[in-house]
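Novice: Sequence and computational prediction follow.
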2 protein chains.
Amino acid sequence: MNKVAIIGVGHTKFGRLQDKGLMDLLCKASLEALEDANTTEQEFDSVYVGAMSPAAFNNISGIASALVDRISLLPAAADHIKNGPASGGSAIKAGFQAIASGMSDFVLVVGGEKMTHITAPGYVTSNVATLTHPEAERRHGVSLPSLAGLLTRAYLEKYDAKLEWISDIAIKNHKNGALNPNAHFQRTIDSFMENAINKGKGTWENVHEFLMDDTINPIIADPLRLFHVCPISDGAASLVLCNAEKAKEYCDTPILISGIGQATDTQIIFEREELTTLKALRLCSNEAYKMAHKTPKDIDVAELHDAFEILEAVQSEDIGFFRKGEGAKAAHEGQTEIGGKIPINPSGGLKARGHPLGATGVAQVVELVWQLRGEAGKRQVEDAKTGITCNFGGFGNNILSFLVERM
Amino acid sequence: MNKVAIIGVGHTKFGRLQDKGLMDLLCKASLEALEDANTTEQEFDSVYVGAMSPAAFNNISGIASALVDRISLLPAAADHIKNGPASGGSAIKAGFQAIASGMSDFVLVVGGEKMTHITAPGYVTSNVATLTHPEAERRHGVSLPSLAGLLTRAYLEKYDAKLEWISDIAIKNHKNGALNPNAHFQRTIDSFMENAINKGKGTWENVHEFLMDDTINPIIADPLRLFHVCPISDGAASLVLCNAEKAKEYCDTPILISGIGQATDTQIIFEREELTTLKALRLCSNEAYKMAHKTPKDIDVAELHDAFEILEAVQSEDIGFFRKGEGAKAAHEGQTEIGGKIPINPSGGLKARGHPLGATGVAQVVELVWQLRGEAGKRQVEDAKTGITCNFGGFGNNILSFLVERM
């Protein structure tokens, strides 16, 4: 199997990008990666686009075919990969296999989504809810936030954990996002509180009291509140992949994709062995560690899928950083901050960087590339050599992990 | 690169399957292929599902994750591949690369679509029209049938061809479909005419006069009429792929995927070098021939993408069987019939087998597997050893070709 390296990355600002269409975002991120890889003139074999719902959100099908035309990569093969909010991760895997097999020499992977223009109430959440089981879950009104609420209740009770610790994850991610010029929210939660105080909306003893104020931070899916869930965002991110043997011809600091795992679990939550364990993550991260000959102890930095802040706690356990039940407490203790034992989501994560569904899996890897290249600016994890991701398609029923390292 | 073989196939009946949902069809085709491959007990690594619009047509996202759960292939990796009406072809390519790279040992590929339950007028055609260029084409009312109408006019004029020859392709495909127990229409056009005569709807000298009767065969996109375009169908088809070295342990008659090509062309039709030439098909079929060390002369049977009958004529030229401008005439002369120089669409093609969008690319390869195994029953092409396909995503702007042969 050919080894596969990342030789270029691209990343638009994430957020409410009202003046851009989906194709604009995909093009911008793509061209940035091509330039970063010094491959603009190269003949690309294949383009893989990860996006969850461009037909529903943007009335465009065949976005991969459209993209290769728009950025003049014709006649490169072009496919659109869908795996819910892990569409970006699945697109990377498809691109990896194209090169690993020898079928392709240069592959562009781009993930993106454009959603904030949608004004119909509940449209986005309902669309995402089509990931749940039609008969067993969805017809009873189950949405992804409601499943996250359930998981939070089960976790807090089982492990005698505190909701404040889940808030600490949001606080940490906003702190990191404030250091990331591409983040949707480049503000600490402290700054939201100060702003509310200045506007005369109230006074609070500390940020935790602020976060429990119903008028400021309303309940979304009990006990999760607004600041415990990620926003709806626009954005795109991209990677240029090539055979690792050729990578140094194009790039001084290529990053190796040394491990990939993907695993599925039952779609119906009540059929899972345990609600608070993400079996698919255990399986797929083990696969990635095994392929890369690494263990969780070798990891310097991680990008996890905190669409809901409880998920970062549970994922930090099932990916092997903490024992079961200790992930939220570890975050509370600062172990997952930049400079901590294992920095998680230095980018700000889905919570603060934002979550343009199909972009997320790619953006996670882009962040790790920047961290491993030492180009992460104020949010740099010192001397990071190895990183891992968790990208969620559906509610824990289809998960990918990528392990990347310096070459 | 590992060689990849097909060791099992599945195929539901295509047609108006009112008692089945999309997941039912995907499951049925999948289980049939698993049984055919004698691999029911195997651990599958990966599942690739090709479907164009399950969210829009069936309100289901994450269909690949749902399928692995439903057919008990957990925790296999599962992804949904989209490339318009070539979603099935792109899913096969993704599965091929999974095995060719060594990342997977056994892969299930399934393509399917369920559309005939949709009653809103124009909903399906409008959905498919989202494949055209949003600014340059779609906003002016362009749909895929209208582009096919344009292509037909250009072809007839440029090559001094006759619309009757295009009708001959439909007549041939219905004749073949009548021999295919899985076809949507298992009837010759002659039998439609006899039925109309028996019902007192008219009398016609021959089937060509019948096909030019506006009351029987109304114009869809001038000059194309109802019988010149494929139906809207439900159905699914599937393949089990594995490393060719292991194939004979599971199957007496494995079929090798010896060539794959995929190429894109500009999405905007007026920017093409020539309207009547499918540049992407020339490129991708050349890629497939080259990879397999074959030429068009080596091909015994082909499955082409006759969503509109003009396409079979043009494709039969650009895939290398006939000189430019001679494809329609060759069909008229019977060269593409079973028993002719190069039998095209013995299955009945999209016209008679039907066109459940995501299923088509997979069904084409399934038909070739049956032909190459000698299991095609009344529509068997004698001693077929090598076959090729053309699968269209969009209107000629993203095309795949698979070349398969006996091992």
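Specialist: The structure has been received and is ready for your questions. Please read these numbers as outputs of a predicted model, since none were measured by experiment.
Novice: residue ranges of the strands in chain A, please?
Specialist: A:4-11, A:46-50, A:77-82, A:106-113, A:219-221, A:224-225, A:235-243, A:255-264, A:301-303, A:386-389, A:391-392, A:398-406 (DSSP state E).
Novice: Can I get these in CSV including mean neighbour count?
Specialist: Backbone N, C-alpha and C define where each C-beta goes, glycine included. Converted to CSV, those look like this (neighbours: other CB atoms under 10 Å in any protein chain shown):
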stretch, mean neighbour count
strand A:4-11, 26
strand A:46-50, 32
strand A:77-82, 30
strand A:106-113, 32
strand A:219-221, 17
strand A:224-225, 22
strand A:235-243, 30
strand A:255-264, 25
strand A:301-303, 28
strand A:386-389, 26
strand A:391-392, 31
strand A:398-406, 28
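Novice: Make TSV out of those and add mean pLDDT.
Specialist: Shown next, in TSV, are the strands of chain A (pLDDT from 0 to 100):
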stretch	mean pLDDT
strand A:4-11	98
strand A:46-50	98
strand A:77-82	98
strand A:106-113	98
strand A:219-221	96
strand A:224-225	97
strand A:235-243	97
strand A:255-264	98
strand A:301-303	98
strand A:386-389	98
strand A:391-392	97
strand A:398-406	98
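Novice: Dihedrals phi and psi, residue A:13?
Specialist: Note on residue A:13: its backbone torsions stand at phi -60, psi 140 [degrees, to the nearest 10].
Novice: How about it, nearest residue that isn't a chain neighbour?
Specialist: Residue nearest to residue A:13 in three dimensions, not counting chain neighbours: residue A:182, with 5.2 Å by CB to CB, 6 or more residues apart in numbering or on different chains.
Novice: Residue A:11 reaches residue A:180, doesn't it?
Specialist: No - counting by CB atoms under 8 Å, residue A:11 does not reach residue A:180; the two are 9.7 Å apart.
Novice: isn't the residue nearest to residue A:13 right up against residue A:17?
Specialist: No - contact between residue A:182 and residue A:17 fails when scored by CB under 8 Å: they sit 11.4 Å apart.
Novice: Pull the distance from stretch A:177-190 to the chain's centre.
Specialist: Chain-centre distance of stretch A:177-190: 16 Å, with CA atoms, centre = their mean, to the nearest Å.
Novice: quick one: buried residues of that stretch?
Specialist: Going by neighbour count (16 or more other CB atoms under 10 Å in any protein chain shown), the buried part of stretch A:177-190 is A:177, A:178, A:179, A:180, A:182, A:183, A:184, A:185, A:186, A:187, A:188, A:189.
Novice: Quick check: the two most widely separated of the residues you listed?
Specialist: Greatest spacing in the buried residues of stretch A:177-190, by CB to CB: A:182 and A:189 (19.1 Å).
Novice: Residues in contact with both of residue A:182 and residue A:17, list them for me.
Specialist: residue A:235 (CB atoms under 8 Å, 6 or more residues apart in numbering or on different chains).
Novice: Tell me which residue in the stretch 101-250 of chain A sits closest to chain B.
Specialist: Using CB to the nearest CB, residue A:101 is the residue of the stretch 101-250 of chain A that sits closest to chain B, at 3.7 Å.
Novice: ok, that residue - contacts?
Specialist: With the criterion set at CB under 8 Å, 6+ apart, residue A:101 makes contact with A:1, A:2, B:1, B:2, B:96, B:97, B:100, B:101, B:102.
Novice: Distance to residue A:283 added to the residues you listed, as CSV?
Specialist: Shown next, in CSV, are these (distance: CB to CB, whole Å):
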residue, distance to residue A:283
A:1, 20
A:2, 25
B:1, 27
B:2, 23
B:96, 24
B:97, 22
B:100, 23
B:101, 20
B:102, 19
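Novice: Of the residues you listed, which pair is most distant in space?
Specialist: A:2 and B:96 (15.4 Å).
Novice: the more surrounded of these two?
Specialist: Remark: of residue A:2 and residue B:96, residue B:96 carries more neighbours, 27 against 21, as counted by other CB atoms under 10 Å in any protein chain shown.
Novice: need the residues of the stretch 301-407 of chain A near chain B, please.
Specialist: Residues of the stretch 301-407 of chain A lying near chain B by CB under 8 Å from any CB of the partner chain: A:393, A:394, A:397, A:398.
Novice: switch to 10 Å and redo it
Specialist: The stretch 301-407 of chain A comes close to chain B at residues A:393, A:394, A:395, A:397, A:398, A:399, A:400, as judged by CB under 10 Å from any CB of the partner chain.
Novice: What is the nearest of the residues you listed to chain B?
Specialist: residue A:398 (4.1 Å).
Novice: Much appreciated, bye for now.
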